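**Student:** need a 3D model of the sequence below.
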Amino acid sequence: MAKEVKKDPNEMSVEEKLRALYQLQTLVSEIDKIKTLRGELPLEVQDLEDEVTGLTTRIENIKKEIDELKSSIANKKIEIETAKASIEKYKTQQENVRNNREFDVLSKEIEFQTLEVELCEKRIREYTADMKSKEEEITKSEEALEERKKDLEMKKTELDDIISETKQEEEKLREKAKAVEATIEPRLLQAFKRIRKNSHNGLAITYVQRDACGGCFNKIPPQKQLDIRMRKKIIVCEYCGRIMIDPELAGVEQEKHLETKVGK
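**Tutor:** Sure, this is the predicted structure:
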């Protein structure tokens, strides 16, 4: 086996290439099983992390909005005090007017400043109500955040447990797969990965089952079956695109013997 690993991929026979590809598929299929064991947990963890980040950002933004409302309320209170001071000043001036025209002008100023006070008080009530609504929103968001943090912690623990149980096995499989990949010529390895990616079950290689492709179950012509058994060239299923090998190369001989008996 060690000699096969060191062998130049370009010097390998077709049969050796097919054996290497099937060995690689066996290893990556085992890695896929480990990933399946983890299920949707990695995605669930990622979704919860995104939700926690989103809620945290939302709470921070609402707090900034509340600070802005507090600042606006403080400014409106200053405006009210300024307007009230102006009203008192104008009232005092009215006591010393020389004619009705001056009195009317001051009266209009007092009326204007009174309206300013009323408008500021109205804005303060609006800001206060808005601030109360935002504080309630923060409370709800913080409760949701705590719940999501608990869910995230639970999912992370669950995922970490599964990863710790399978990490060593997965690393060994990846090392073996990497070693096998080194024995396969780049062009063929790239084709294997492309077929595997396009396959719904991740299988790039299949063997002949009852005169049909084991991947898509379409019938294989007798001549092509013979070519597959000869192992002289790499043959791809014209329907599903998978690389086909004979059952014996895959370590599956019972179907071949069964059909021989039926033929007799």
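
**Student:** tell me which stretches of this structure form strands.
**Tutor:** 205-209, 212-213, 235-236, 243-245 (DSSP state E).

**Student:** out of those strands, which comes closest to Lys156?
**Tutor:** strand 205-209 (36.4 Å; CB to CB). C-beta here means a position set from N, CA and C on the backbone, and glycine is covered the same way.

**Student:** rewinding a little: give me whichever of the strands of the chain is most buried.
**Tutor:** strand 243-245 (a mean of 24; mean count of other CB atoms under 10 Å).

**Student:** quick one on the thing from earlier: I'd like to know which of the strands of the chain is closest to Glu153.
**Tutor:** Of the strands of the chain, nearest to Glu153 by CB to CB is strand 205-209, at 41.8 Å.

**Student:** model confidence over that closest one, on average?
**Tutor:** Across strand 205-209, the average pLDDT comes to 88.

**Student:** then stretch 237-255?
**Tutor:** Computed over stretch 237-255, the mean pLDDT rounds to 81.

**Student:** low-confidence ranges, the chain, go.
**Tutor:** Within the chain, the stretches with pLDDT under 70 are 1-10, 252-264.

**Student:** the same query, at a cut-off of 50, please.
**Tutor:** Of all residues in the chain, those with pLDDT under 50 make up the ranges 1-5, 254-264.

**Student:** residue most distant from the centroid, it?
**Tutor:** Arg98 (79.4 Å; CA atoms, centre = their mean).

**Student:** quick one: contacts for Cys216?
**Tutor:** The neighbours of Cys216, taking CB atoms under 8 Å, 6 or more residues apart in numbering as the test, are Cys237, Tyr239, Cys240, Arg242.

**Student:** next: Thr114.
**Tutor:** Ala83, Ile87.
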